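Novice: missing the sequence, but the structure's below:
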RNA sequence: GGGGCGUUAGUUCAGUUGGCUAGAAUAUUCGCCUGUCACGCGAAAGGUCACGGGUUCGAGUCCCGUACGCCCCGCCA
């Protein structure tokens, strides 16, 4: 292979007829005709047909290959009109396999909708190879790039705000991050950069934007994930229409940049009460059936929202948030419309106060929202007063904002665009997951890597944390799992209701009692501990046990066991080594096939091969021939 | 948190009133083929029917439970 030959991409070969070029990419399709083999080589721009008449390395679908060959015009009768490169082909002089691909766990040639979504996420790196997904990623990149350019052209400054920050009490549930340096304390991941961006206005940035990752711990839906991307912006010295037009300019340019069509330009502006009357909701789809088929984007602004609503008494979280019976509809930092400021400051006609909020809707989804903010500290305080906050509670929650607003904050307003949702609409996809490179399942499990996962107990200790599920510690269960995983044995974890006795345990697991090693902690005269495991349906013969161990043994005090080992009596797994205690296992278990035991918690059991237990628990060898039963 | 649906070869799916030695397509492996472009032809291999119980002479199929997944509602300043 000629190392000096630089790479040519598939579509670029059209310009190089007659030349010898190097191509690198994936085997998209193989058509082996015996003496001649056609390989469709795929790279990020598309595919090209390569003709091999001299066989070398064995080829397989989706392997990564490098070929060198001459670009030839195809014979007239074998031109493929469906390909960008359909008039040419590569006469391969040499080729090699750079990375062989085994049998694929999921197909990558189809559009992928038919494949189980869980599998698509597990092998997301393959799933993204399919043309449909690749096109979405490229389109997303182009759209965001154009949006960015639009805001730069309008004199915005891009500023990053912290990911580790303070939680907000109202609104969505926060994701917490434990602090190592301040054990027992937590950061919250941002639900939006709302407060920071307003403080940037105080700082004189004047026009700010950011592609901000936002994180909310609420249940997932087709149009909502834990993490999402907002195009977040804020502007000083502006009114509603100025913010709206700055956003509209950039959005329109970006939509056009990716080749999509708009239904209406400029976007129609519809008051909230009219929308409710006409469409029954504050988000609506303005498209006709034909426009839906053509995937036209129907943007519209919704304005004139009420600032507050009555708390839904059935909704526990709203009741908790509001002490007065009123909660804000959109954003507590918004300013009411000028003509209602008097009412707002006095707390009168609360149900009639309108906010400066404006929402951007598109094809039935809310894709953005913002408002002019209350930069006057008295107005912001009045909002919290209406919700029933005491002066003290209010200062605790937003005192830092009030302070900034007393130190020269210009009037300002802004908006946040839901980038993922807009991409979903542009790509005409039915799920947000199709627009995100590595999304989560509905239950919050990550692509490819399978988080959330159990934390290392040492790491937890460093953070000053103990994991308790219910009232029991998780530590021994986790250590046991790690021990078993490290030994690479098969076992089954069963979660069940909390059980106290061996009978109950056997019942919930549906396993016989004689395969359950009951782990008993015994003390030696010198205070040292030993563990003796006998079938759960038998009683311990202390004389036999003492004889085998060679010391006079006594039952350890249950409270001592719980405090010393961190496990409740009855949930102690038959692995003394987890506690650095020598283990004896009654000889009857050497003949059993399976064992079932409580795994460090009264609500978890593990079923595994008896031989694996004996291998991993490393009992004192004499126990193989020892009987501890009465 | 409430409700609905689902889980059978690597993948996508069939599988009748309970009779199965569980099929097809595709992928994989091997063989044949010089003009295909989702090439074609022939052969082989591939399964703990999610897991655990139950009913039954007999369960992929019926019943109960668990896990996981998807959808709807709730929740999402």
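Specialist: On my side now, so go ahead. Only a predicted model underlies this, so the values are computations on that prediction, with no experimental measurement involved.
Novice: Would you check that residue A:205 makes contact with residue A:159?
Specialist: Yes: Residue A:205 is within contact range of residue A:159, at 6.3 Å (criterion: CB atoms under 8 Å). (C-beta placed from N, C-alpha, C; glycine too.)
Novice: hmm, stretch A:118-125 touching RNA strand B?
Specialist: Yes: against RNA strand B, stretch A:118-125 shows contacts by CB under 7 Å from any atom of the strand at A:118-119.
Novice: List the buried residues in that stretch.
Specialist: For stretch A:118-125, the neighbour count (16 or more other CB atoms under 10 Å) marks A:120-124 as buried.
Novice: what's across from residue A:529 in the sheet?
Specialist: residue A:523 (DSSP bridges).
Novice: In contact with it, which residues?
Specialist: A:521-523, A:556, A:564, A:579, A:581 (CB atoms under 8 Å, 6 or more residues apart in numbering).
Novice: how near is it to residue A:539?
Specialist: Distance of residue A:529 to residue A:539, computed by CB to CB, to the nearest Å: 20 Å.
Novice: need the buried residues of stretch A:118-125 in JSON lines with pLDDT and secondary structure, can you?
Specialist: Output for these, formatted as JSON lines (pLDDT from 0 to 100; DSSP: H, G, I helix; E, B strand; the rest coil):
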{"residue": "A:120", "pLDDT": "92", "secondary structure": "helix"}
{"residue": "A:121", "pLDDT": "91", "secondary structure": "helix"}
{"residue": "A:122", "pLDDT": "91", "secondary structure": "helix"}
{"residue": "A:123", "pLDDT": "93", "secondary structure": "coil"}
{"residue": "A:124", "pLDDT": "94", "secondary structure": "helix"}
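Novice: Would you verify that residue A:253 is located in a helix?
Specialist: Yes: counting by DSSP: H, G, I helix; E, B strand; the rest coil, residue A:253 is part of a helix.
Novice: Test my guess that it contacts residue A:146.
Specialist: Yes: counting by CB under 8 Å, residue A:253 does reach residue A:146; the two are 5.9 Å apart.
Novice: Stretch A:293-310 vs RNA strand B: in contact?
Specialist: No: if you take CB under 7 Å from any atom of the strand as the test, stretch A:293-310 misses RNA strand B, and the best it gets is 9.2 Å.
Novice: Any buried residues in that stretch, and which?
Specialist: A:296-309.
Novice: next helix or strand past the least confident helix or strand in chain A by mean pLDDT?
Specialist: None of the helices or strands of chain A scores lower by mean pLDDT, DSSP states H and E than helix A:316-321, at a mean of 51. Using DSSP states H and E, the next helix or strand after helix A:316-321 towards the C-terminus is strand A:326-328.
Novice: How about the contacts made by the most centrally placed residue in chain A?
Specialist: With distances taken as CA atoms, centre = their mean, the residue of chain A nearest its centroid is residue A:440 (4.4 Å). Contact analysis of residue A:440 by CB under 8 Å, 6+ apart lists A:121, A:220, A:225-227, A:446-447.
Novice: what about residue A:214, how many neighbours?
Specialist: 20 (other CB atoms under 10 Å).
Novice: next one: residue A:390
Specialist: By other CB under 10 Å, 11 other residues sit near residue A:390.
Novice: separation between it and RNA strand B?
Specialist: 19 Å (CB to the nearest atom of the strand, to the nearest Å).
Novice: For the residue of the stretch 101-250 of chain A found nearest RNA strand B, give me the pLDDT.
Specialist: Per CB to the nearest atom of the strand, residue A:171 is where the stretch 101-250 of chain A lies closest to RNA strand B, at 2.4 Å. Residue A:171 is assigned 75 on the pLDDT scale.
Novice: For it, what is the enclosing helix or strand?
Specialist: Using DSSP H and E, no helix or strand contains residue A:171.
Novice: how far away is residue A:562 from residue A:570?
Specialist: For residue A:562, the distance to residue A:570 (CB to CB) stands at 10 Å.
Novice: Among those two, which residue is more densely surrounded?
Specialist: With neighbours defined as other CB under 10 Å, residue A:562 and residue A:570 compare such that residue A:570 has more, 19 against 15.
Novice: circling back to that earlier point, between residue A:253 and residue A:146, who's got more neighbours?
Specialist: Using other CB under 10 Å, the more surrounded residue of residue A:253 and residue A:146 is residue A:146, with 17 against 14.
Novice: would you say the more buried one is within a strand?
Specialist: No: using three-state DSSP, the secondary structure at residue A:146 is helix, not a strand.
Novice: ranges for the strands of the stretch 101-250 of chain A?
Specialist: Ranges of strands within the stretch 101-250 of chain A are A:157-158, A:176-178, A:186-188, A:207-215, A:227-236, based on DSSP state E, counting those that start in this stretch.
Novice: what comes into contact with the shortest one?
Specialist: Yep, that's strand A:157-158 we're talking about. A:148, A:151-152, A:205-210.
Novice: now those residues in CSV, with neighbour count?
Specialist: Formatted as CSV, the contacts of strand A:157-158 follow (neighbours: other CB atoms under 10 Å):
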residue, neighbour count
A:148, 18
A:151, 22
A:152, 13
A:205, 18
A:206, 17
A:207, 20
A:208, 25
A:209, 29
A:210, 23
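Novice: My read is that residue A:307 contacts residue A:328, right?
Specialist: Yes: assessed by CB under 8 Å, residue A:307 is found in contact with residue A:328 at 6.3 Å.
Novice: overlap in contacts of the two?
Specialist: Common neighbours of residue A:307 and residue A:328 (criterion: CB under 8 Å, 6+ apart): A:334, A:355, A:383.
Novice: returning to what we had before: now the residue nearest to the centre of chain A: how far from RNA strand B?
Specialist: Between residue A:440 and RNA strand B the distance is 8 Å, computed by CB to the nearest atom of the strand.
Novice: What is the burial count for the nearest residue to residue A:140 once chain neighbours are set aside?
Specialist: Of all residues not flanking residue A:140 in the chain, residue A:423 sits nearest, at 4.9 Å (CB to CB, 6 or more residues apart in numbering). Residue neighbour count, defined by other CB under 10 Å, stands at 22 for residue A:423.
Novice: What number of neighbouring residues does the residue nearest to residue A:178 when sequence neighbours are not counted come out with?
Specialist: Distances taken as CB to CB, 6+ apart place residue A:463 nearest to residue A:178, at 4.6 Å, with adjacent residues excluded. Per other CB under 10 Å, the neighbour tally for residue A:463 reads 19.
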